[in-house]
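In: Provided below for reference: sequence and predicted model.
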Amino acid sequence: MTTSNTMNYQSLTELSLSGAALSREQAAAVLATPATHMDELLAATLQVREQHYGRRVKICVLLNAQSGICPEDCHYCSQSKISTAPVSKYKLLPEDTIVERAHEAAANGARRFCIVIAARGPRSKDIDHLSAAIGRIKQNKATQHLEICTSLGLMDLTQCQQLKAAGVDYVNHNLNTSESHYEKICSTHTYADRVDTLHNVQAAGLKTCSGGIVGMGETEEDILDLAFSLRELDIESIPINFLLTIPGTPLQSLAAIDPLHGLKVLCLMRLLNPTKEVRVAAGRETHLGSRQAQALCAANSLFVDGYLTTPGDASAAVKAWIEAAGFEVEV
Ligand code: SF4
């Protein structure tokens, strides 16, 4: 058995670049990497990242297009029906506002604009409304280069096909955690419901964006399950969030994660999904702190200017540390 202490990290690079999956044992050893071997793991992961993405970092901007009125009970979420967090509550933003926010995102260097609504799923008129806004974004010279991602909840095939026709590039629907841990973080829909939506997204010819949230009381086995599920589902874009313990949510009292653990999860996602986009997402500022730049050894993409209901670092500051760390903002 290969243990973390005897791990040949270069062999993981070669395996990953060959396209073959790490074994479950090797993946577990990545998560068990001791602090004294972190530099080796990061260097091995960086080689895979550089092979497929060079030193480029894609900047993404989120828009919370409908906030705080979700009937679901995801325990991590400040917008759920069981959250008492004092978040803004509003229905779907006007078309003009969505288009304006896309222009702001483009002006701040975004390559992807992610439109999110707090909902179990979209209504027909929501899709029509968003389709009109997306059509305008795709037709305007200042914003047409943006990749458009929508995160609208559970969707059937017809809804996904409508989004494809509207010009949507990616649909986000996170698995969040393992199948076995899922019922501990949500009771109003199932892991299988989420997988069904991802299959509908793929069947409609859209690219999938799906990842997880680290720090929700899961075990390392849960993280391994999630990582292998994302590979098996052939997910194109993998955001890794670190739980923001928002007061008023059921998970508000969970402890912060060890920054090294966060980095190891990112490395595992890259090594298992070498050609896919790995995105360091919500919570990076809080949980990774001064190690955020090391996350770019694995991740080729990140978010700026805040998250759905919580602030984050502004684009100018993030661009500065990206470049100081020897990476380049993708244009
Ligand atoms: S479905 Fe989305 S918005 Fe609704 S509670 Fe879950 S994570 Fe929050």
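Out: It's in.
In: Okay, strands next: where are they in the stretch 1-150 of the chain?
Out: Using DSSP state E, counting those that start in this stretch, the strands assigned to the stretch 1-150 of the chain run over residues 56-66, 112-117, 147-151.
In: And the stretch 151-300 of the chain, by the same measure?
Out: Using DSSP E, counting those that start in this stretch, strands in the stretch 151-300 of the chain cover 170-172, 207-209, 212-214, 237-242, 277-280.
In: Dig out what the residue nearest the centre of the chain forms beta bridges with.
Out: With distances taken as Cα atoms, centre = their mean, the residue of the chain nearest its centroid is residue 239 (1.8 Å). Counting by DSSP bridges, residue 239 is bridged to residue 279.
In: How confident was the prediction at it?
Out: Looking at residue 239, its pLDDT is 97.
In: do the same with residue 69
Out: 86.
In: Can you report how many residues lie near it?
Out: Using other Cβ atoms under 10 Å, residue 69 has 16 neighbouring residues. Yep, even glycine has a C-beta here, placed from its N, CA and C like the rest.
In: Now for the nearest residue to it once chain neighbours are set aside: which residues touch it?
Out: Leaving out its chain neighbours, the residue that sits closest to residue 69 by Cβ to Cβ, 6 or more residues apart in numbering is residue 89, at 5.5 Å. By Cβ atoms under 8 Å, 6 or more residues apart in numbering, the contact set of residue 89 is 67-69.
In: For the ligand, see how far away the spatially closest residue to residue 133 that is not a sequence neighbour is.
Out: Leaving aside its sequence neighbours, residue 133 sits nearest to residue 98 (Cβ to Cβ, 6+ apart; 4.1 Å). From residue 98 across to the ligand, the span is 17 Å (Cβ to the nearest ligand atom, to the nearest Å).
In: Next: residue 90.
Out: 13 Å.
In: Kindly provide the distance from the closest residue to that residue other than its chain neighbours to residue 130.
Out: Leaving out its chain neighbours, the residue that sits closest to residue 90 by Cβ to Cβ, 6+ apart is residue 67, at 5.3 Å. As judged by Cβ to Cβ, to the nearest Å, residue 67 and residue 130 stand 15 Å apart.
In: what sits against the closest residue to the ligand within the stretch 101-250 of the chain?
Out: Nearest residue of the stretch 101-250 of the chain to the ligand (Cβ to the nearest ligand atom) works out as residue 118 at 3.6 Å. For residue 118, the contacting residues are 64, 66-70, 77, 79, 308, by Cβ under 8 Å, 6+ apart.
In: What's the ChimeraX line that selects buried ones from those?
Out: Per 16 or more other Cβ atoms under 10 Å, the buried members of the contacts of residue 118 correspond to this ChimeraX selection:
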select :64,66,67,68,69,70,77,79,308
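In: The closest residue in space to residue 136 that isn't next to it in sequence and residue 113, how far apart?
Out: Distances taken as Cβ to Cβ, 6+ apart place residue 99 nearest to residue 136, at 5.0 Å, with adjacent residues excluded. Distance, residue 99 to residue 113, using Cβ to Cβ: 10 Å.
In: between these two, who's got more neighbours?
Out: For the pair residue 99 and residue 113, the greater number of neighbours falls to residue 113 (25 against 18), based on other Cβ under 10 Å.
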